[in-house]
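Participant: would you be able to build a 3D model of this:
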Amino acid sequence: MRWVTFDCFGTLVDWRHGLRTSAELIAPGRGERLLEAYNRHEHAVQAESPALRYRHVLAETLRRACAEERIELGGDDATVLAATIPYWPVFPEVGAELLAVRAAGWNLALLTNCDRDLIAETLRRLPVPFDAVVTAEDVRDYKPSLAHFTTFRRAHEPAAWVHVAQSYFHDLVPAHRLGLRRIWINRLGERAPDGGVVQRELPDLRGLLTAVESA
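Facilitator: The predicted structure is shown next:
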């Protein structure tokens, strides 16, 4: 069995757009600043409570981001990210590229720092079905822990395995530790802190099949 595994948010779904526009609902004009503040706090929340459901990670991280930005939350404002995540947009090239990989005989899986119910809603928006999904709720931990990867490996014993992701920290580093073939979808034009972790790099998913098969 040949498998390509993906991170979902940031790789297939426009996580930054979704979070920024959702934050605008509670703090108009402050979405970009809240997005950057959110990024500074999320990993700490996950590391403090690895078994915490992702919807609660979203809420707690948003609370900390708002506190940093001196934005007062009211009522159930902190739940806005979990409420809107099923509607965050899929990147436009994703459908055609996933179809090409599937047509070439590869199985597709998601390894996601998300809850089962939230990713189920997101899967309805993805234009290609996935053959397997491993969530943070399943493994009670968050990447960059190895739990998603080792759980997937035990369940499917892939003969060939390529991991594709946007997050260097959450995905490429653990995939490198396990010796997996890996492709960095560098949508933000970032500079890799350690070039040895990156094997193949693309600015988006266009040309994915060629990159997968050469990996």
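
Participant: quick check: buried residues in the longest helix along the chain?
Facilitator: Longest helix in the chain, counting residues (DSSP state H): helix 31-48. Of the residues in helix 31-48, G31, R33, L34, L35, A37, Y38, H41, E42, H43, V45, Q46 count as buried by neighbour count, 16 or more other CB atoms under 10 Å. C-betas here are computed from N, CA, C, even on glycine.

Participant: can you lay out the residues you listed as a markdown table showing distance to G10 and pLDDT?
Facilitator: Output for the buried residues of helix 31-48, formatted as a markdown table (distance: CB to CB, whole Å; pLDDT from 0 to 100):
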| residue | distance to G10 | pLDDT |
| --- | --- | --- |
| G31 | 17 | 96 |
| R33 | 19 | 97 |
| L34 | 17 | 97 |
| L35 | 12 | 97 |
| A37 | 17 | 98 |
| Y38 | 13 | 97 |
| H41 | 17 | 98 |
| E42 | 12 | 97 |
| H43 | 14 | 96 |
| V45 | 17 | 97 |
| Q46 | 15 | 97 |
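
Participant: now, among these, which is nearest to L81?
Facilitator: Nearest to L81 out of these is Y38 (CB to CB; 8.5 Å).

Participant: what sits against the closest one?
Facilitator: L19, A23, T61, L62, A65 (CB atoms under 8 Å, 6 or more residues apart in numbering).

Participant: how is the chain carved up into domains?
Facilitator: 2-14+88-214, 15-85 (automatic domain parsing).

Participant: ranges for the helices of this protein?
Facilitator: Using DSSP H, the helices found in the chain span residues 15-26, 31-48, 54-68, 80-84, 94-103, 116-123, 136-139, 147-156, 173-177, 208-214.

Participant: those: which one's closest to Q199?
Facilitator: The nearest among those, by CB to CB, is helix 173-177 at 8.5 Å.

Participant: report the buried residues of the closest one.
Facilitator: Neighbour-count burial for helix 173-177 flags V173, P174, A175, H176 (criterion: 16+ other CB under 10 Å).

Participant: so what touches that helix?
Facilitator: Contacts for helix 173-177 (CB under 8 Å, 6+ apart): K143, P144, S145, L146, F149, H163, A165, R182, G196, V197.

Participant: where does the chain have low pLDDT?
Facilitator: For the chain, applying pLDDT under 70 flags no range at all.
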